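Participant: Quick one, what's the 3D model for this:
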Amino acid sequence: MLELKNHKIAIPVVLLAGVLWSFGPLVVRYMHQPNLVPWQYLLTRGITIFCIINIYLFFEEGKKFYKNYLKIGFSGAIGGVGLGVAMITFIWSITNTSAAITLLCLAAMPFITALLGFLFLKEKISMNVWISIIIAVIGIGIMASGKTGQGSVFGLIFGLISATGFSVFSVSLRWRKETPKFTTVSIAGLFCASVSLAVIIINDGNFVSSSHNQGLFAIHGTLVCLGLILYSVGSKALPAAELTLLSLTEIIGGIFWVWLPILGINEVPTNSTIIGGFLIFISIIYYSLTIKTNRRFIALN
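Facilitator: Residues are numbered from 1 along each chain as shown. This next block holds a predicted model:
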């Protein structure tokens, strides 16, 4: 795998990964009624991720890249399913609530990961991290208090489930560190596509949406893959504290793009979202300062 050892080069590479991911909510908002074709979206996105990741692995590792699938193990399967569930619940979240709520729920991933590591891997959580978790929970509670519609509440719940799925993926990588990371992502794409295909067949639905939507489905999958590749390359030269702060690029950028009037969406966060989001940002910054150079939260190393 390509490795970056230069800290100064790694920072813009990881920032670029966050910027690419930040366009995801904007792409979803440009879709025509994505809430009516979630399984077609997930089918196309899953296939796109599976294909791009395997093409990347082929160029990086040659014809024998397929042997990674033989090393995946139980932890890799769990991680792939967790990441697949995260992909599935993401679309249910962002089509039922604001992009800001969905993204801020995803921002809670470091804390959910810490809790899962504590429960299943017996990893200790310092008092400072507990403080960060409590602040984040208060922030999420404030956001939830401002959601009065049933759909908005469902969106918030699905956002938290999506964040938990991503955290399961991260914990699975620490559970068995020799698990091929990108192969796990590939399995997640395959799981996402398989579940979607099964649901479509059972409901006798269409396999594709409009050409406009299909193009955007594939674009979103491509953005996810390119971001993952850049993040993986850059993360090897950066400590976890910096990565956690740099990951805010995705959250801030995603909220900004759907708000920017010139892009045609103009989705303005509510007061409760702004206050709750501010607390989540404070918790992430505090968390980053306390873990310093601890690398155990780097997902794709």
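Participant: Phi and psi next, for residue 116.
Facilitator: Phi and psi for residue 116, reported as degrees, to the nearest 10, are phi -70, psi -40.
Participant: The stretch 151-300 of the chain: helices as residue ranges?
Facilitator: Remark: helices assigned in the stretch 151-300 of the chain by DSSP state H, counting those that start in this stretch are 181-202, 211-235, 240-246, 248-259, 271-291.
Participant: and the longest one, how far from the chain's centre?
Facilitator: On the basis of C-alpha atoms, centre = their mean, to the nearest Å, helix 211-235 is displaced by 11 Å from the centre of the chain it belongs to.
Participant: Specify the angle between it and helix 248-259 in degrees.
Facilitator: Orientation check (axes from the mean of the first three to the mean of the last three C-alpha atoms, to 10 degrees): helix 211-235 against helix 248-259 gives 160 degrees.
Participant: what stretches of this protein score poorly on pLDDT?
Facilitator: Where the chain drops to pLDDT under 70, the residues are 1-6, 147-151, 236, 239-244, 291-301.
Participant: related to what we said a few turns ago, including mean neighbour count and distance to residue 15, could the helices of the stretch 151-300 of the chain go into JSON lines?
Facilitator: Where you see a C-beta, it was placed from the backbone N, CA and C, and this is true even at glycine. Converted to JSON lines, the helices of the stretch 151-300 of the chain look like this (neighbours: other C-beta atoms under 10 Å; distance: least, C-beta to C-beta, whole Å):
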{"stretch": "helix 181-202", "mean neighbour count": "20", "distance to residue 15": "21"}
{"stretch": "helix 211-235", "mean neighbour count": "20", "distance to residue 15": "8"}
{"stretch": "helix 240-246", "mean neighbour count": "20", "distance to residue 15": "6"}
{"stretch": "helix 248-259", "mean neighbour count": "20", "distance to residue 15": "6"}
{"stretch": "helix 271-291", "mean neighbour count": "19", "distance to residue 15": "15"}
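Participant: Mind putting these into CSV with distance to residue 86?
Facilitator: Formatted as CSV, these follow (distance: least, C-beta to C-beta, whole Å):
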stretch, distance to residue 86
helix 181-202, 8
helix 211-235, 11
helix 240-246, 18
helix 248-259, 14
helix 271-291, 18
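Participant: ok, residue 27 - contacts?
Facilitator: 216, 219-220, 223 (C-beta atoms under 8 Å, 6 or more residues apart in numbering).
Participant: 10 Å - rerun?
Facilitator: Applying C-beta atoms under 10 Å, 6 or more residues apart in numbering to residue 27 gives the contacts 34, 215-217, 219-223, 257.
Participant: wait, which of these is closest to residue 206?
Facilitator: residue 217 (13.1 Å; C-beta to C-beta).
Participant: Not counting sequence-adjacent ones, nearest residue to the most centrally placed residue in the chain?
Facilitator: When C-alpha atoms, centre = their mean is applied to the chain, the residue found nearest the centroid is residue 166 (5.9 Å). Leaving out its chain neighbours, the residue that sits closest to residue 166 by C-beta to C-beta, 6 or more residues apart in numbering is residue 86, at 4.6 Å.
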